[in-house]
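Asks: Model the following, please.
(one chain, ligands or ions: 1)
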Amino acid sequence: MPTYVYEAKDAAKSCNRCRGSFEAVQKIGEPALSKCPECGADVIRVIQAASLGRSKTDLMYRAKRAGFSCLKKVSNGEYEKAF
Ligand SMILES: [Zn+2]
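Replies: Numbers count the residues shown, from 1 in each chain. As a prediction, the model looks like this:
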């Protein structure tokens, strides 16, 4: 089953799990998560398939190429849309 990567939409409303990014294993065709399973904060899927790459940098790069929204950490606890 593919692994998907999610991040909290709003770092101010996130828990330790979703503040950075977390992975969720889902069946093909299963709808994307919209809430963090831990705290219920809104999350976004940042890439479609973890098999595209291993490193965070590579994931971000490939996510960008694929047109996915990504967040980048700009300072302690603050995030902004990287692209
Ligand atoms: Zn959370």
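Asks: Run through the residues of the protein sitting next to the ion.
Replies: Cys15, Arg17, Cys18, Cys36, Glu38, Cys39, Ala41 (CB under 5 Å from the ion). Glycine gets a C-beta too; all of them are placed from N, C-alpha and C.
Asks: Out of the residues you listed, which comes closest to Tyr61?
Replies: Each of the residues of the chain next to the ion was checked against Tyr61 using CB to CB; the closest is Cys18, at 21.5 Å.
Asks: looking at the residues of the chain next to the ion, which has the most residues close by?
Replies: Cys18 (25 neighbours; other CB atoms under 10 Å).
Asks: wait, isn't it in contact with Lys35?
Replies: No: using CB atoms under 8 Å, Cys18 is not in contact with Lys35, being 9.2 Å away.
Asks: shared neighbours of those two, which are they?
Replies: Ala41, Val43 (CB atoms under 8 Å, 6 or more residues apart in numbering).
Asks: Assign Tyr61 to helix, strand or coil.
Replies: helix (DSSP: H, G, I helix; E, B strand; the rest coil).
Asks: Now for the residues of the chain next to the ion: which two are most distant?
Replies: The widest separation within the residues of the chain next to the ion (CB to CB) is 9.4 Å, between Arg17 and Ala41.
Asks: want to try CSV for the residues of the chain next to the ion, with pLDDT, distance to Met1 and secondary structure as columns?
Replies: Putting the residues of the chain next to the ion into CSV (pLDDT from 0 to 100; distance: CB to CB, whole Å; DSSP: H, G, I helix; E, B strand; the rest coil) gives the following:
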residue, pLDDT, distance to Met1, secondary structure
Cys15, 96, 24, coil
Arg17, 92, 20, coil
Cys18, 93, 20, coil
Cys36, 95, 20, coil
Glu38, 93, 20, coil
Cys39, 96, 24, coil
Ala41, 96, 24, coil
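Asks: Lowest mean pLDDT among the helices and strands of this structure, which one is it?
Replies: strand 71-75 (a mean of 63; mean pLDDT, DSSP states H and E).
Asks: shaky segments in the chain?
Replies: 47-60, 67-83 (pLDDT under 70).
Asks: all strands for it, in order.
Replies: 3-8, 22-25, 43-47, 71-75, 78-81 (DSSP state E).
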